[in-house]
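> Got a predicted structure here, sequence first:
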Amino acid sequence: MPLLPSEREYGTLGANSTCFAYGVATWCFLTGGYVAELVGAVEALICLVAGNMIGVFLASLPLSFVCQRNGLEQVDVCKPAFGSKGIIVVLFLYLVNMLGWSGLILVMFGNGIRNIALALGYDVGDWVVSLGVILGIVLSYLIVTRGVGMLNRFNGLITPGLVLLVAFLLYMLFAEHGWEAITQAAPLSPGPSPAVNYLIAVELGIASGFSWWGGIGFLARNTRTRRNSIYPEVLQLGFSSGAVCAAGSFSALIVGSSDPTEWMVPLGGVLMGVIALVFVALANVTSTAVSVYASGLALRHLRVFRSAGWKWVVCATLIPCLPFAVWPGELSNLGDAFLAYNGTMYAPISGILLVDYFFLRRQKISLWSIFEDDKTGRYHHVRGINWLAFAALLAGQALYVFLYNPFSGATHEWLETLNPSLGSFVFSGALYGVGMLVIGRGRRPEPVPEVESGPLIQPNI
């Protein structure tokens with residue numbers, strides 16, 4: 001249900017602190033490690049901080065305003081553009097993002113357990129990683145099924161500790177090695193072209209910012225003012241998160257590994273390293289629980305899960321994580337490709353939503369019709385789907401893959417003049433806007449009346 005103004009939790013302090021807690025997560029270390037494979041410390045700092053802020057800003061523009069104004073979740077906000085039934089595809093893309101991150105973090109949790117054992121002198125095999133993934137799934141289930149209160153208590157303990165951990169890493173890096181050594185460290189596995197390496201690193205930074213798409217709507221709908229729906233997200237999810245990613249890149253460059261769980265012992269010694277690894281393991285479980293909780297709420301949009309018990313919904317979100325227990329190494333090696341994949345999902349969607357809300361609908365949507373699945377609803381389009389929006393989405397994704405294929409690593413020479421995420425953002429938005437005006441013979445959608453009432457014929461809640 002939409003949140004009323006009186007039900008929203010976040011003022012200025014609450015919005016900034018919550019965004020900061022959400023943004024300073026363990027997956028930032030993973031992102032930093034991926035970028036360290038391509039470029040050095042100075043380039044990584046620029047790509048991650050600037051890229052995160054650009055991606056978060058563009059994702060926030062269409063989401064923050066409409067979610068805050070109407071108290072809606074981000075999936076519901078997509079209905080005017082994609083259709084009352086078409087949002088199932090958007091929901092699927094959203095779940096791929098959330099559960100993909102969950103799987104990568106669970107592998108990081110398993111790697112942490114293995115590295116703790118190695119640091120204590122126990123020679124263990126890779127089977128410990130798989131066991132750790134299963135253990136992480138069980139712990140995440142126990143946390144999420146006990147509700148948001150338990151989740152908030154864990155976040156309240158983990159977030160300050162993560163800040164201290166980042167400070168500890170930076171202190172050890174500068175105390176033991178210094179800025180000069182950090183800047184002179186070579187990238188871990190760069191390609192043959194330094195220019196292409198840098199451009200891909202820029203793209204990973206922007207895609208990292210776009211990957212916050214799911215959290216942006218969730219946070220914005222809980223804010224009391226429009227100002228607090230966007231500034232804290234850009235500052236905390238963009239700048240602060242990018243800075244933590246950069247700290248991860250510095251660590252990866254010095255230690256020579258993109259795996260965050262391999263940094264702690266070399267930087268802090270056995271005792272402090274093991275303590276840091278234990279804490280990172282706990283933080284990984286909390287990050288996974290946050291992702292699983294958000295995914296469970298998203299599944300409620302599907303009819304089959306609307307009346308299901310919460311425990312069964314949580315189980316349904318965790319089942320797709322099981323392949324990470326079977327092939328932890330193989331799937332985690334695709335992490336950088338998955339990070340870029342976020343750009344192929346959310347950059348074109350954000351461009352379409354921006355044009356639809358600001359230019360076509362002039363910031364007016366029918367809150368009533370958001371929850372109407374009947375063919376008489378404003379956002380039914382053709383059999384519940386706006387095919388033009390999906391054509392624009394696919395065109396944007398095709399442009400992205402044409403410029404940079406995240407799975408094969410192939411790039412086109414146009415990459416030097418056009419960023420994949422920014423290109424797909426603009427191209428999809430422009431294609432959708434022109435197409436909608438052509439279909440409507442140059443007319444924008446009909447204005448929404450101030451008040452709509454009456455029974456919902458086929459409610460989707």
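The structure has been received and is ready for your questions. Here the structure is a predicted model, which is why all the values come from computation and not from measurement.
> Not counting its neighbours along the chain, what's nearest residue 203?
residue 420 (5.5 Å; CB to CB, 6 or more residues apart in numbering). Glycine gets a C-beta too; all of them are placed from N, C-alpha and C.
> neighbours around that neighbour, how many?
31 (other CB atoms under 10 Å).
> what does the model give residue 454 for pLDDT?
At residue 454, the model reports a pLDDT of 65.
> and what of the one 5 residues further on?
Residue 459 is assigned 61 on the pLDDT scale.
> For residue 39, see how far away residue 401 is.
Residue 401 is 22 Å from residue 39, where distance means CB to CB, to the nearest Å.
> Of the two, give the one with the bigger neighbour count.
residue 39 (27 against 19).
> List the contacts of the more buried one.
Residues counted as contacts of residue 39 (CB atoms under 8 Å, 6 or more residues apart in numbering) are 47, 187, 190, 197-198, 201.
> Determine which two of these are furthest apart.
For those, the maximum inter-member distance is 13.3 Å, found between 47 and 190 (CB to CB).
> Share the number of residues neighbouring the nearest residue to residue 82 once chain neighbours are set aside, please.
Closest residue to residue 82 apart from its sequence neighbours, by CB to CB, 6+ apart: residue 389 at 4.8 Å. When neighbours are counted by other CB under 10 Å, residue 389 registers 28.
> do the same with residue 181
Neighbour tally, residue 181, other CB under 10 Å: 14.
> burial count for the spatially closest residue to it that is not a sequence neighbour?
Counting by CB to CB, 6+ apart, residue 181 lies nearest to residue 254, which is 7.1 Å off, once chain neighbours are set aside. Residue 254 has 21 neighbours, counted by other CB under 10 Å.
> which residues touch residue 254?
173, 177, 181-182, 185, 267.
> Which elements pack onto the helix or strand in which residue 205 is found?
The secondary structure element spanning residue 205 is helix 194-210 (assigned by DSSP states H and E). With contacts defined as 3 or more CB pairs under 8 Å, 6 or more residues apart in numbering; DSSP states H and E, helix 194-210 has these neighbours: helix 27-36, helix 41-70, helix 241-255, helix 335-354, helix 420-439.
> could you redo the last one with a cut-off of 6 Å?
helix 27-36, helix 41-70, helix 335-354, helix 420-439 (3 or more CB pairs under 6 Å, 6 or more residues apart in numbering; DSSP states H and E).
> returning to that earlier point: distance of the residue nearest to residue 181 relative to residue 276?
15 Å.
> ok, now residue 361?
49 Å.
> if you count what's nearby, which of those two comes out ahead?
residue 276 (25 against 19).
> Could you check the pLDDT of the closest residue to residue 306 other than its chain neighbours?
Spatial nearest neighbour of residue 306, chain neighbours left out: residue 300 (6.0 Å); criterion: CB to CB, 6+ apart. With respect to pLDDT, residue 300 scores 82.
> Could you tell me the backbone phi and psi angles at residue 300?
When quoted as degrees, to the nearest 10, the phi and psi of residue 300 stand at phi -60, psi -20.
> now it: how far from residue 309?
The value you get for residue 300 to residue 309, if CB to CB is used, is 12 Å.
> neighbour-wise, which of those two wins?
Ranked by neighbour count (other CB under 10 Å), residue 300 and residue 309 place residue 300 first, with 16 against 10.
> Compute the distance between that one and residue 18, please.
From residue 300 to residue 18 the distance is 22 Å (CB to CB).
> okay, now residue 360: neighbour count?
Residue 360, neighbours per other CB under 10 Å, totals 17.
> what does residue 123 give?
6.
> Does it belong to a helix, a strand or coil?
Under DSSP: H, G, I helix; E, B strand; the rest coil, residue 123 falls in the coil class.
> For stretch 385-403, which outside residues touch it?
81-83, 85-86, 344, 348, 352, 412, 414-415, 420, 423-424, 427-428, 431-432, 435 (CB atoms under 6 Å, 6 or more residues apart in numbering).
> Distance from the chain centre to it, please.
20 Å (CA atoms, centre = their mean, to the nearest Å).
> Just the buried positions in it, please.
Residues of stretch 385-403 classed as buried: 385-386, 388-390, 392-393, 395-397, 399-403 (neighbour count, 16 or more other CB atoms under 10 Å).
> just stretch 76-93 next, same as before
Those would be 76-91, 93, for stretch 76-93 by 16+ other CB under 10 Å.
> Can you check the distance spanned by that stretch, start to finish?
Taking CA to CA, to the nearest Å, stretch 76-93 runs 14 Å from one end to the other.
> Repeat that for stretch 171-187.
Start-to-end, stretch 171-187 (CA to CA) is 21 Å.
> chain center to that stretch, what's the gap?
With CA atoms, centre = their mean, you get 29 Å for stretch 171-187.
> Flag every buried residue along stretch 55-64.
Under the neighbour-count criterion of 16+ other CB under 10 Å, stretch 55-64 has 55-64 buried.
> how near is the closest residue to residue 338 other than its chain neighbours to residue 403?
Nearest residue to residue 338 in three dimensions, chain neighbours excluded: residue 100, at 5.3 Å (CB to CB, 6+ apart). Distance of residue 100 to residue 403, given as CB to CB: 22 Å.
> Could you pull out the helices in the stretch 251-400 of the chain for me?
264-299, 303-306, 310-318, 323-326, 328-332, 335-354, 367-370, 387-403 (DSSP state H, counting those that start in this stretch).
> Which of these sits closest to residue 210?
Per CB to CB, nearest to residue 210 of these: helix 335-354, 4.1 Å.
> I'd like the mean pLDDT over the closest one, please.
84.
> That helix versus helix 194-210: what angle between them?
Interaxial angle of helix 335-354 relative to helix 194-210 (axes from the mean of the first three to the mean of the last three CA atoms, to 10 degrees): 60 degrees.
> Need the contact partners of helix 335-354.
Contacts for helix 335-354 (CB under 6 Å, 6+ apart): 30, 34, 58-59, 61-62, 81, 93, 97, 100, 104, 204, 207, 210-211, 213, 389, 392-393, 396-397, 400, 406-407, 421, 424-425, 428-429, 432.
> Pick out the residue nearest the middle of the chain.
residue 211 (3.0 Å; CA atoms, centre = their mean).
> What distance separates the opening and closing residues of stretch 300-307?
8 Å.
> Which positions in it come out as buried?
Those would be 300-301, 305, for stretch 300-307 by 16+ other CB under 10 Å.
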